[in-house]
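>>> pasting a predicted model and its sequence here:
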Amino acid sequence: MFIVKKLNKNGNWDSISLYDENNSFRGEARFESKKEAEAYLKLYKDRVNKYLNAAGKAKTRLKLQVFEMDGESMTE
């Protein structure tokens, strides 16, 4: 299992939300394969930047990363 996280301003990694194609919330961004997780990471980053661009704000430098979950522990 793989999970996508973002680095917060305090230096901690927080899980990002999973949204479907209708922008409906589906829980944490967890995936069976690393390939799926990396694809969602790119999609998530593109959506955030598109939203910020539409709001007239500069693109953000999101620090996103895929972590592998092994039970309750995670590895980068």
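Nice, I can see it. Just so you know, these numbers come straight off a predicted model, no measurement behind them.
>>> use CA for all of it now, contacts and neighbours both
OK.
>>> how many neighbours does A55 have?
Neighbour count of A55, defined by other CA atoms under 10 Å: 9.
>>> ah, wrong one, I meant K5
Neighbours of K5 (other CA under 10 Å): 21.
>>> pLDDT score for the residue of the chain positioned farthest from its centre?
The outermost residue of the chain, judged against the average C-alpha position, is G56 (22.2 Å), by CA atoms, centre = their mean. Looking at G56, its pLDDT reads 77.
>>> what's the spacing between it and K50?
10 Å (CA to CA, to the nearest Å).
>>> so where's this structure shaky on pLDDT?
Across the chain, residues meeting the criterion (pLDDT under 70) sit at 59-60, 71-76.
>>> residue boundaries of the strands in it?
In the chain, the segments counted as strands under DSSP state E are 2-7, 13-15, 17-19, 25-28, 30-31, 64-70, 73-75.
>>> mind putting the ones you listed in a markdown table, distance to K45 included?
Converted to a markdown table, the strands of the chain look like this (distance: least, CA to CA, whole Å):
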| stretch | distance to K45 |
| --- | --- |
| strand 2-7 | 10 |
| strand 13-15 | 14 |
| strand 17-19 | 12 |
| strand 25-28 | 15 |
| strand 30-31 | 16 |
| strand 64-70 | 8 |
| strand 73-75 | 21 |
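>>> identify whichever of those strands lies nearest to E38.
strand 64-70 (6.7 Å; CA to CA).
>>> got the angle between that closest one and strand 2-7?
140 degrees (axes from the mean of the first three to the mean of the last three CA atoms, to 10 degrees).
>>> so for D46, which of the strands of the chain sits nearest?
Proximity to D46 (CA to CA) singles out strand 64-70 among the strands of the chain, at 11.8 Å.
>>> quick one: strands adjacent to that closest one?
Looking at strand 64-70 with DSSP bridges, its partner strands are strand 2-7 (antiparallel), strand 73-75 (antiparallel).
>>> R47 and A37, how far apart?
15 Å.
>>> that should have said M69, apologies.
12 Å.
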